[in-house]
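**Q** Got a predicted structure here, sequence first:
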Amino acid sequence: MAKGKAAFDQHGARYEYRVWGEYPDAVRRLRKLADDTDTETETVRDCYLLLDDDPTWNVKIRNNVLKVKQLVSERKGFEQWASDRLRSAEAAPNPFDEIFEQLRLDRPQRGKKYDLYDEIDGLDPDSGVRAVFVEKTRQHYRIGELRAEVTDIEILESGEVLKTLLIEGDDLDELKALRKELRLRDEENVAVHQALDAELEG
């Protein structure tokens, strides 16, 4: 699959640092640092669209809206992602306009009967896209202007559960300090779509 024809505006792009596995010490430290009034838990279902040849795009569908994230820079071990929520094929960069049309994601907005699972089953096998449905149970935290989450991600087709911890924000210096406080500085930063791809390939 070809690379997208246009980059997203980097204004508003956020730095992310995501690790995978059990980090009980880091979670305890995160809870102590967090503003208690801003914590919340939620469960959501997403469908990730894994691209064969371009990990700089992180693409998922939630509530029939296509969310596309583009990797725009890497600094000090953090990845900076720009993102947009797309509700029409015309708004989507290439090749996601074609995916939007093939999956008929505009149908719910027109009030027509729609089932994403059925549309995924009809996805062209030569499209270079693999769809992975997941359910996420996550705890949100806020530390000043920074955000964090601790999440269990269940891959619905296998029942496998992956555990991940994320910190994100705009201020790279504050993020570096938080990463150090959580003792995660030497851990590998891996985005969700890459972790899912590795798990399914493994």
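**A** Structure received. From a predicted model like this one, the values you see are computed outputs, not experimental measurements. Residues are numbered from 1 along each chain as shown.

**Q** Relative to Gly144, how far out is the most centrally placed residue in the chain?
**A** By C-alpha atoms, centre = their mean, the chain has its centre lying nearest to Val192, at 5.3 Å. Noted for Val192: a distance of 24 Å to Gly144, by C-beta to C-beta, to the nearest Å. The way it works is simple: take the backbone N, C-alpha and C, and place the C-beta from them, glycine included.

**Q** And Arg87, by the same measure?
**A** 32 Å.

**Q** next one: Ala89
**A** Applying C-beta to C-beta to Ala89 and Gly144 gives a distance of 39 Å.

**Q** Neighbour count: those two, which is higher?
**A** Taking other C-beta atoms under 10 Å, Ala89 and Gly144 do not tie; Ala89 has more neighbours (18 against 12).

**Q** low-scoring pLDDT stretches of the protein, where are they?
**A** Scanning the chain with the threshold set as pLDDT under 70 gives 1-12, 37-39, 125, 202.

**Q** how about the strands in it?
**A** Taking DSSP state E as the test, the strands found in the chain are 14-20, 40-51, 57-62, 65-75, 78-86, 129-143, 146-155, 161-169.

**Q** Give the pairing partners of the third one; include direction for each.
**A** Read that as strand 57-62. Neighbouring strands of strand 57-62 in its sheet, by DSSP bridges, are strand 40-51 (antiparallel), strand 65-75 (antiparallel).

**Q** Same check on the last one?
**A** Applying DSSP bridges, strand 161-169 is found paired with strand 14-20 (antiparallel), strand 146-155 (antiparallel).

**Q** Go through those strands and pick out the most buried.
**A** For these, the largest average neighbour count (mean count of other C-beta atoms under 10 Å) is found in strand 14-20, namely a mean of 21.
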